[in-house]
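1. based on what follows, work out the 3D shape:
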Amino acid sequence: DTARRLRAHPAVVGRSVRFNAEADSLNCSVLGPDATPGTDEFDLYVKQLVAEMTVKAGQKCTAIRRAFVPEPLLDAVTEAVRERLAKVTVGNPSNPDVRMGALASLDQREEVRRSLKPLLDAGQLVFGDPGAVTVVDADAERGAFISPILVRATDPGRAEPHEVEAFGPISTLMPYRDAAQVVELAARGRGSLAGSVVTGDPRFARQVVLGVAPWHGRMLVLNRENAKESTGHGSPLPPLVHGGPGRAGGGEEMGGVRGIVSHMQRTAVQASPGMLTAVTGRWVPGTERTVTDVHPFRKHLEELRVGDTVVAGPRTVTLDDVEHFAGFTGDTFYAHMDEESAKANPFFGGRVAHGYLVVSFAAGLFVSPDPGPVLANYGLENLRFLTPVYPGDELTVTLTAKQISPRDGADYGEVRWDTDVTNQDGASVAKYDVLTLVARCPAG
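-> Numbering: from 1, shown residues only. Predicted coordinates:
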């Protein structure tokens, strides 16, 4: 009723962007073909699907409605989900043995049963009974209880599973052949709040996430690496967008910068560092680095790979270095030159090296000085000094190719390098991005 009134309001009709009050959000979860029975990913998928079906009796806008499974794994997933659902006790939530409570009302239960009929027309019931359920510590007639229902689609291309949401503990298993097909099927939901991909294969994760992102407000990539820290399919982290395109119903804040970017397509991706690197093409801290015998600065643009790394050092910082740098640059700030005043400084407790001396020493450590593919260093970004450097400290620098961006029509491109300068204790003293221009391989 509220939606109808808002749709008709003159301000909405005349001056707003497209208003969406659709109720359905046919969120999906995709099991990767690598997640065979016995793998952690297979078990994670089954556990997540059952949780999303039964938490709040499936009455939540992020619940998994469409569960995409590789065709060869469909029977195994069906059986595993059935076994887990069979352990779900329905009844009075105050009873510690109960795992799922009632729907919001008897009318809601009837609505769920009506919505279930077209889903059953397009598939077969493989678990549950919409007309009967065993109830613990409650009256099955008076309470709006219903069994968890698992449907198996006979044809994933039929319209019903992509258009009808039964707002209760109901999900449909849908087989797919390959990444391209699952992307096409997920798009038929016409907008979802949340989607998930359960896989240990970075290439598959990238294909699916980039393919379905335009139809989802948030994507979770789940595997054994991030399972213990993951908030799960239906629980976004506070900083992430909680909204979605199409009939997912929006939900983004409209103030400040968020009001501008809501006119653009944005998707939040949750995954382990390695998966994020694979999906985005940008190295993320925590991902493995690649150290080879060839210095990264000796590689042309096409030869470089995200994650290529050089580790150089250590170099000891002396008091003479600090004083020479002060005299040479004119930076005679008291923290570098006056021991008594530096000791009184609550941050230092004694004379420290210039931050820019640290950056200069780091450059001297990681540079490969001979002419080669690196044409120029054109900037630093996100520079932060994290730990004071004292005379006698030893500096080591780790330089990692973070992002590689070829320029169209040019014989060079930009490379962003993650730079981490650490002391003898392994503590980071400075972090920043180095920006370079790197030549392509010579023609021929």
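2. what sits against the residue nearest to the spatial centre of the chain?
-> Residue closest to the average C-alpha location in the chain (CA atoms, centre = their mean): Q270, at 1.6 Å. Residues in contact with Q270, defined by CB atoms under 8 Å, 6 or more residues apart in numbering, are 218-221, 226, 230-231, 237, 240. All C-beta atoms are positioned from the backbone trio N, CA, C, and that covers glycine.
3. A278: what's it in contact with?
-> 202-203, 205-206.
4. assign it to helix, strand or coil.
-> Under the three-state scheme (DSSP: H, G, I helix; E, B strand; the rest coil), A278 adopts helix.
5. rewinding a little: cross the contacts of A278 against helices and list the overlap.
-> 202-203, 205-206 (DSSP state H).
6. can you lay out those as TSV showing neighbour count?
-> Output for the ones in helices among the contacts of A278, formatted as TSV (neighbours: other CB atoms under 10 Å):
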residue	neighbour count
P202	18
R203	13
A205	29
R206	19
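7. make a markdown table from those and add distance to A430 to it.
-> Converted to a markdown table, those look like this (distance: CB to CB, whole Å):
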| residue | distance to A430 |
| --- | --- |
| P202 | 30 |
| R203 | 35 |
| A205 | 33 |
| R206 | 32 |
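8. which pair of those residues spans the longest distance?
-> Spatially, the most separated pair among those is R203 and A205, at 7.2 Å (CB to CB).
9. what residues are up against the residue nearest to T396 when sequence neighbours are not counted?
-> Spatial nearest neighbour of T396, excluding adjacent residues (CB to CB, 6 or more residues apart in numbering): G313 at 3.4 Å. Contacts for G313 (CB under 8 Å, 6+ apart) come out as 365, 394-397.
10. can you check A153 too?
-> Neighbouring residues of A153 by CB under 8 Å, 6+ apart: 122-123, 161, 172-175.
11. try it again at 7 Å.
-> 122-123, 161, 172-174 (CB atoms under 7 Å, 6 or more residues apart in numbering).
12. so which of the contacts of G313 belong to strands?
-> Among those, the members found in strands (DSSP state E) are 394-397.
13. of the residues you listed, grab the buried ones for PyMOL.
-> Restricted to buried positions by 16 or more other CB atoms under 10 Å, the PyMOL selection for the ones in strands among the contacts of G313 reads:
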select buried, resi 395+396+397
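14. now the ones in strands among the contacts of G313 in a markdown table, with pLDDT and distance to Q424?
-> Output for these, formatted as a markdown table (pLDDT from 0 to 100; distance: CB to CB, whole Å):
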| residue | pLDDT | distance to Q424 |
| --- | --- | --- |
| E394 | 98 | 4 |
| L395 | 98 | 8 |
| T396 | 98 | 8 |
| V397 | 98 | 13 |
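15. which one of the ones in strands among the contacts of G313 is nearest to H324?
-> Nearest to H324 among the ones in strands among the contacts of G313: L395, at 16.1 Å, using CB to CB.
16. so who does that closest one touch?
-> Taking CB under 7 Å, 6+ apart, one finds 313-315, 317, 358, 361-362, 421, 423 in contact with L395.
17. over to A213?
-> By CB under 7 Å, 6+ apart, the contact list for A213 reads 219, 267.
18. at 8 Å instead, please
-> 219, 265, 267, 269.
19. equivalent analysis for A180, please.
-> 207, 211.
20. part of a strand, is it?
-> No - read with three-state DSSP, A180 is helix and lies in no strand.
21. where's it relative to E111, distance?
-> For A180, the distance to E111 equals 35 Å [CB to CB, to the nearest Å].
22. cool, P391 as well?
-> P391 is 74 Å from E111, by CB to CB.
23. kindly report the same for G246.
-> 22 Å.
24. which stretches of the protein form helices?
-> Counting by DSSP H, the chain has helices at residues 2-8, 10-15, 40-54, 74-85, 106-121, 160-163, 179-187, 202-212, 256-261, 273-280, 319-329, 334-337, 339-344, 355-366.
25. which one of those helices lies closest to V374?
-> Proximity of the helices of the chain to V374 was assessed by CB to CB; the nearest stretch is helix 355-366, lying at 10.9 Å.
26. go through that closest one and flag the buried ones.
-> Buried residues in helix 355-366 (16+ other CB under 10 Å): 355, 357-359, 361-362, 365-366.
27. tell me, how many residues neighbour the closest residue to V55 other than its chain neighbours?
-> Nearest non-adjacent residue to V55, counting by CB to CB, 6+ apart: G234, 7.1 Å away. Neighbours of G234 under the rule other CB atoms under 10 Å: 20.
28. so what pLDDT did G234 get?
-> On pLDDT, G234 comes in at 86.
29. in this structure it contacts T54, no?
-> No - because the distance of 11.4 Å does not satisfy CB atoms under 8 Å, G234 is recorded as not touching T54.
30. check contacts around V269.
-> 209, 213, 218-221, 276, 279-280.
31. again, but for V310
-> 291, 295-297, 366, 398-399.
32. filter those down to the buried ones.
-> The neighbour-count test (16+ other CB under 10 Å) applied to the contacts of V310 identifies 295-297, 366, 398-399 as buried.
33. show me where the stretch 51-200 of the chain dips below the pLDDT cut-off.
-> Across the stretch 51-200 of the chain, nothing is flagged by pLDDT under 70.
34. er, the stretch 251-400 of the chain I mean
-> Along the stretch 251-400 of the chain, the model assigns pLDDT under 70 to residues 251-262.
35. circling back: for the contacts of A278, could you give me a markdown table that also reports distance to V438 and pLDDT?
-> Below are the contacts of A278 laid out as a markdown table (distance: CB to CB, whole Å; pLDDT from 0 to 100):
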| residue | distance to V438 | pLDDT |
| --- | --- | --- |
| P202 | 24 | 97 |
| R203 | 25 | 97 |
| A205 | 28 | 97 |
| R206 | 24 | 97 |
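36. find the nearest non-adjacent residue to A80, please.
-> Setting aside the residues directly before and after it, A80 is nearest to V46 in space (CB to CB, 6+ apart), at 4.6 Å.
37. isn't that neighbour right next to V81, touching?
-> Yes - contact criterion CB under 8 Å: V46 and V81 qualify, at 5.6 Å.
38. any idea how far the nearest residue to P72 once chain neighbours are set aside is from H216?
-> In space, and not counting its chain neighbours, P72 is closest to P33: 7.7 Å by CB to CB, 6+ apart. Remark: distance between P33 and H216 (CB to CB) = 21 Å.
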